[in-house]
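Asker: Fold the following.
(one chain, ligands or ions: 1)
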Amino acid sequence: MKYNQSNLQARMNELLIEQSQHYLQGAVADYIPALAKVLPSSMGVCISTLDGNVVGAGNYQQRFSIQSISKIFGLVMAMNRVGDSLWKRVNMEPSGQPFNSIIQLEWEKGIPRNPVINAGALLVSDVLASHYSSSKLAFLNFVRSLAGDENIHVNMDVYQSELAHGNRNAALAYLMKCFDNIDADIPEVLSHYFTQCSVEMTCQQLTQSLLFLANKGISPSDNRVILSRKDAHRVNAILSTSGMYDQSGEFAFSVGLPAKSGVGGGIVAIVPNYGVICAWSPPLNNFGNSVVGMQLISKLAEELGLSIF
Ligand code: GLU
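Answerer: Numbering: from 1, shown residues only. Take a look at the predicted model:
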């Protein structure tokens, strides 16, 4: 790699300047009205490496709504809690459909295509709600311990807004319940799901929290086993094939990293044996991916030679 810590910092600052007008090509998500309150020109990027270096630029220490990035944390908790039985209730195939599509779920008898589309994340939320006495607190504690920050919290304004506009997610959950693939009461499942989506974190916190996925399941700072090696492999495989909504194929084709985006405008990309990149810029393209976030990660991955392929 041709960058060291200081010229990487300079390059990241420069990339943000290059991208400074490109956010105008996207639109901030407003189907959850509280998400639309964010400043569209906000942008930040951060890289944390396994050897403890952190380089960030722009608003990389500003909290934002992690939305679907939370699906990674929920999935890890559910895998640890119920083991391989999870894969009887959710598949591991790309969906080829928008993240909140309901059509495929009926065809496939209430078994979601994968755990990072909404139906799959609702199924995972059911696993957590059914196996923890307080799944929302367990989720927060898990994320806080990974990020090393007790102040990570849920934005209740976003939570209430998701609840008030969550009819499609409710429909997905009720449809799965018809197929006997949801155990808990639907309001409890939705409450867990909206809570995890409404957690706010910074780019820096997200990179720190996900380092274990770049390190075969082990947190590099304290050697804690967060996930088995086999399950870390599986999460990265799912993120590579399904983490970028219906643009996952294109992202693998052009960038080549396991990644997950959220409609809050964040994208995390896992670089095995190296570290984690997170970019944030709220305006989204038609697939629901951050326009500038995609550009920032794509350029850094190319210039640092990070593709796994
Ligand atoms: N809370 C959002 C929803 O369920 C998450 C969507 C996303 O970030 O992909 O619609």
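
Asker: how about stretch 235-247: buried residues?
Answerer: 235-236, 238-247 (16 or more other CB atoms under 10 Å). C-beta: built from backbone N, CA, C; applies to glycine.

Asker: what's the helix or strand that contains residue 10 in contact with?
Answerer: Assessed by DSSP states H and E, residue 10 sits inside helix 5-18. By CB atoms under 8 Å, 6 or more residues apart in numbering, the surrounding residues in contact with helix 5-18 are 3, 43-45, 47, 53, 55-58, 296, 299-300, 303-304.

Asker: in that helix, what's buried?
Answerer: 8, 11-12, 15-16.

Asker: cool, and stretch 168-184?
Answerer: 169, 172-173, 175-177, 181-182, 184.

Asker: Could you check how far the residue in the stretch 101-250 of the chain that the ligand sits nearest to is from residue 114?
Answerer: The stretch 101-250 of the chain approaches the ligand most closely through residue 197 (3.6 Å), counting by CB to the nearest ligand atom. Distance, residue 197 to residue 114, using CB to CB, to the nearest Å: 17 Å.

Asker: So which residues on the stretch 201-309 of the chain come close to the ligand?
Answerer: Selection of the stretch 201-309 of the chain residues close to the ligand by CB under 6 Å from any ligand atom yields 262-263, 288.

Asker: ranking those residues by neighbours, who comes first?
Answerer: When neighbours are counted by other CB atoms under 10 Å, residue 262 leads these with 29 neighbours.

Asker: before we move on, the earlier item: between residue 197 and residue 114, which one's more packed in?
Answerer: For residue 197 versus residue 114, neighbours defined as other CB under 10 Å are more numerous around residue 197 (30 against 22).

Asker: Contacts only, for the more buried one.
Answerer: 65-68, 70, 158, 162, 262.

Asker: Adding distance to residue 32, write the residues you listed out as JSON lines.
Answerer: Shown next, in JSON lines, are those (distance: CB to CB, whole Å):
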{"residue": "65", "distance to residue 32": "8"}
{"residue": "66", "distance to residue 32": "13"}
{"residue": "67", "distance to residue 32": "8"}
{"residue": "68", "distance to residue 32": "12"}
{"residue": "70", "distance to residue 32": "14"}
{"residue": "158", "distance to residue 32": "7"}
{"residue": "162", "distance to residue 32": "5"}
{"residue": "262", "distance to residue 32": "11"}
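
Asker: Out of these, which comes closest to residue 120?
Answerer: Taking CB to CB as the measure, residue 120 lies nearest residue 68 of those, at 10.6 Å.

Asker: wait, that closest one sits on residue 260?
Answerer: Yes - the pair residue 68 and residue 260 qualifies as a contact (CB atoms under 8 Å) at a distance of 6.6 Å.

Asker: which residues are common contacts for those two?
Answerer: residue 116.

Asker: CA atoms only for the helix holding residue 10 - export them in CSV, please.
Answerer: Output of helix 5-18 as CSV, limited to C-alpha atoms (Å, rounded to 0.1, in the frame of the first residue of the first chain):
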residue,chain,number,x,y,z
GLN,A,5,-0.9,7.4,8.3
SER,A,6,-0.2,11.0,7.4
ASN,A,7,-0.6,11.0,3.7
LEU,A,8,-3.7,8.8,4.1
GLN,A,9,-5.1,11.6,6.3
ALA,A,10,-4.3,14.1,3.6
ARG,A,11,-5.8,12.0,0.9
MET,A,12,-9.0,11.5,2.9
ASN,A,13,-9.4,15.3,3.4
GLU,A,14,-8.8,15.7,-0.3
LEU,A,15,-11.4,13.1,-1.2
LEU,A,16,-14.0,14.9,0.9
ILE,A,17,-13.3,18.1,-1.0
GLU,A,18,-13.6,16.3,-4.3
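
Asker: Report the contact partners of the residue nearest the centre of the chain.
Answerer: Taking CA atoms, centre = their mean, the centroid of the chain lies closest to residue 69, which sits 1.6 Å from it. If you count contacts by CB under 8 Å, 6+ apart, residue 69 has them with 201, 206, 260-262, 264, 266, 268.

Asker: Filter those down to just the ones in strands.
Answerer: When DSSP state E is applied, the contacts of residue 69 are split such that 201, 260-261, 266, 268 fall in strands.

Asker: Can you tell me which of those residues has the most neighbours?
Answerer: Result: residue 261 is most packed of those (other CB under 10 Å), 31 neighbours.

Asker: ok, that residue touching residue 292?
Answerer: No - using CB under 8 Å, residue 261 makes no contact with residue 292, being 11.9 Å away.

Asker: what does stretch 101-108 contact?
Answerer: 91, 95, 97, 111-113, 117, 119, 168, 171-172, 175-176.

Asker: Any chance of TSV for these, columns secondary structure?
Answerer: What follows is the contacts of stretch 101-108, written out as TSV (DSSP: H, G, I helix; E, B strand; the rest coil):
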residue	secondary structure
91	coil
95	coil
97	coil
111	coil
112	coil
113	coil
117	coil
119	helix
168	helix
171	helix
172	helix
175	helix
176	helix
